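1. Got a sequence here, can you model it:
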Amino acid sequence: MRNWTPLMTLEGQFVTLAPLSLAHESDLIEAVLDGNLYELWYTTIPKPKDMTAEIKRRLALDTMLPFAVLDKTTGKAVGMTSYMNIDHANRRLEIGSTWYRKSVQRTPLNTECKLLLLQHAFERLDCIAVEFRTHCMNQQSRKAIERLGAKLDGILRAHMIMPNGSIRDTAAYSIIRSEWPAVKAGLEHRLKA
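-> All right, here's what the predicted structure looks like:
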């Protein structure tokens, strides 16, 4: 897996996506406290006390390549994102387990983060499809995924058991290779606006 998706740093104007490490822990604890993101019932974001364990968990997974999202204005980690469910044989992956501190949500940072990840997936890894999944009830995330240009593939009913014991229906989206040029143009336009 690492041969197809080696560790790399992706650089943009607003954001740097760096391989996640324990060195990002204190920034990520500060970030998760901005808006108390870990209290959201429809997503799984680590509590401050669980940040070390979450970083170690992501680093241990063979089908995940996790990144710290660094704000270039401060150099601090403001969230996490990952390539996950990596399927080398079928040249597919998912972009997910993403969260950002509240103060940078709905800023160019998120748009550029997705542009960098998608560009790398389609133009360097030669992916045929990139997936996004979110809780069916997470309207903010669903709208953000749809703004990227991703299409709803369907709802995976009773897909997951959440930490609070509730059952999650998962909205599954994707962008396929033939859609990438239009999606890329849209993301680049949004960054210029």
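
2. show me where the chain has helices.
-> Along the chain, the segments classed as helices by DSSP state H run 25-33, 51-60, 108-119, 139-148, 180-192.

3. For the last one, list the C-alpha coordinates in PDB.
-> Coordinates of the C-alpha atoms in helix 180-192 are reproduced here as PDB (Å, rounded to 0.1, in the frame of the first residue of the first chain):
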ATOM      1  CA  TRP A 180     -12.300  15.500 -12.200                       C
ATOM      2  CA  PRO A 181     -11.500  18.300 -14.800                       C
ATOM      3  CA  ALA A 182     -14.800  20.000 -14.000                       C
ATOM      4  CA  VAL A 183     -14.500  19.500 -10.300                       C
ATOM      5  CA  LYS A 184     -10.900  20.800 -10.400                       C
ATOM      6  CA  ALA A 185     -12.000  23.900 -12.400                       C
ATOM      7  CA  GLY A 186     -14.700  24.600  -9.800                       C
ATOM      8  CA  LEU A 187     -12.400  24.300  -6.800                       C
ATOM      9  CA  GLU A 188      -9.800  26.500  -8.500                       C
ATOM     10  CA  HIS A 189     -12.500  29.100  -9.300                       C
ATOM     11  CA  ARG A 190     -13.700  29.100  -5.600                       C
ATOM     12  CA  LEU A 191     -10.100  29.700  -4.400                       C
ATOM     13  CA  LYS A 192      -9.800  32.800  -6.700                       C
END
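
4. what's the angle from that helix to helix 108-119?
-> 160 degrees (axes from the mean of the first three to the mean of the last three CA atoms, to 10 degrees).

5. In helix 180-192, which residues are buried?
-> Of the residues in helix 180-192, 180, 183-184, 187 count as buried by neighbour count, 16 or more other CB atoms under 10 Å. Bear in mind the C-beta positions are built from the backbone N, C-alpha and C, glycine included.

6. quick one, phi/psi of the residue of the chain most remote from its centre?
-> Most distant from the centre of the chain: residue 165, at 23.6 Å, with distances by CA atoms, centre = their mean. Per-residue torsions, residue 165: phi 90, psi -10 (degrees, to the nearest 10).

7. So what touches the helix or strand of the chain with the lowest mean pLDDT?
-> Lowest mean confidence among the helices and strands of the chain (mean pLDDT, DSSP states H and E): helix 139-148, at a mean of 92. Helix 139-148 has contacts (CB atoms under 8 Å, 6 or more residues apart in numbering) with 43, 110, 114, 118, 132, 134-136, 152, 171, 173, 175, 183, 186-187.
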